[in-house]
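J.: could you work out the structure for the sequence below:
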Amino acid sequence: KFLKATPLHVKQHIYGFAVGTLAGTTFGLVGWGGAAIVIPLLTIATPIANLSQMSATGVSLSTLSVSTLSSGYKYWKNDCVNIPLVLLISIPSMIAARVGTHLARKLSNDALALLSNGSNVVMLPAHFWIQERACQRAAAISSSSSHDDIHVVGATTAIRKDSVVVKSFTDIKKVTHDKTMQHVFFGLCSGFYTALKGIGGLPLTISYITEATHLPHQYVQGTAICAVIPSILTSTISRMDLIPLKISGWVGLGALLGGYLGAEIALELSEEHLRRLYMSCLVLFGARSYYGAFYNIRNILKNMK
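T.: Numbering: from 1, shown residues only. Next up is the predicted model:
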């Protein structure tokens, strides 16, 4: 009776807040997955959602804008962000995002959805391979550290007390300078990909930083989140005319709270547990992408007849 008596716009606000909170928490916790939650849940053919792919993508970007700010702030506050690397990736990505957004406007809803799901399917094996390599390196570091009676608990301890990890943090300055053009080129590709696909491109950025710097996962995740903030904001501003502001506001409010909460939980986890959680989300959202890509191809072929 309560649900029936509740006005439709109130249901939409509650639903949007719940979707945003779930997406923001997931985003802050594992560094991605927000769009994989927001877009499907807002394109369901029901009165409280039923947005177009383009509008849902716009809401997703606006939602990620606030969740990246809240979770990025939490990671930065805990010294888990490499600012020089963030700048080398984020500035070029902001420029390329304008081009990607312009191209996205010319694609159909099914084509955009296929691009999103298809790229996830293609890149999933590479993401796993990179994370497995990182697990092996972390195991080697842990084995080496055990001989020196060094114990690592949580992200903050790993950053400040583990001698092996501190050496890696010192080396990142050299890596950043030696690979300047590589980071800039990746930023251009990431920004274009972000705007075209409709999400922050965070799995791609996380995999890149993991392989290019060999840093602990919390540090990689915090740097990656901050690196995509400019491209997400640029893409969001370019789509403002397509974003339903009312539901976007409630989704964004939930994402703001969820992003901070998710980051706080992530920083309390060990690197191994956080990495395994991240890989589990790759399986979960990757499996959905396989089904989504098949569904998108079927719709495109149907419309061609």
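J.: residue ranges with poor pLDDT in the stretch 101-250 of the chain?
T.: Along the stretch 101-250 of the chain, the model assigns pLDDT under 70 to residues 109-110, 142-178, 197-200, 235.
J.: how about the helices in it?
T.: With DSSP state H, counting those that start in this stretch as the criterion, the stretch 101-250 of the chain has helices at 109-146, 154-160, 163-178, 180-197, 202-213, 217-227, 229-238, 245-268.
J.: which of the residues in the fifth one are buried?
T.: Going back to what we said before, that points to helix 202-213. Neighbour counts over helix 202-213 (16 or more other C-beta atoms under 10 Å) mark 202, 203, 204, 205, 206, 207, 208, 209, 210, 212, 213 as buried. Using the backbone N, CA and C atoms, a C-beta is placed for each residue, glycine as well.
J.: please enumerate residues in contact with it?
T.: The contact list for helix 202-213 (C-beta atoms under 8 Å, 6 or more residues apart in numbering) reads 27, 31-32, 82, 85, 89, 120, 123, 126-127, 130-131, 133-134, 168, 172, 175, 179, 182-183, 186, 190, 193, 215, 217, 220-221, 223-225, 227-228, 278, 282.
J.: chain center to that helix: distance?
T.: Between the centre of helix 202-213 and the centre of its chain there are 11 Å (C-alpha atoms, centre = their mean, to the nearest Å).
J.: list buried residues within the contacts of helix 202-213.
T.: By neighbour count, with 16+ other C-beta under 10 Å, the contacts of helix 202-213 hold 27, 31-32, 82, 85, 89, 120, 123, 127, 130-131, 134, 168, 172, 175, 179, 183, 186, 190, 193, 215, 217, 220-221, 223-225, 227-228, 278, 282 as buried.
J.: now the terminal residues of stretch 44-58, how far apart.
T.: Using C-alpha to C-alpha, to the nearest Å, one end of stretch 44-58 lies 16 Å from the other.
J.: flag every buried residue along that stretch.
T.: Neighbour-count burial for stretch 44-58, counted by 16+ other C-beta under 10 Å, picks out 48, 49, 51, 53, 54, 55, 56, 57, 58.
J.: what about residue 51, which helix or strand?
T.: For residue 51, there is no enclosing helix or strand under DSSP states H and E.
J.: residue closest to the middle of this structure?
T.: Centroid check for the chain by C-alpha atoms, centre = their mean gives residue 32 as the closest residue, at 2.9 Å.
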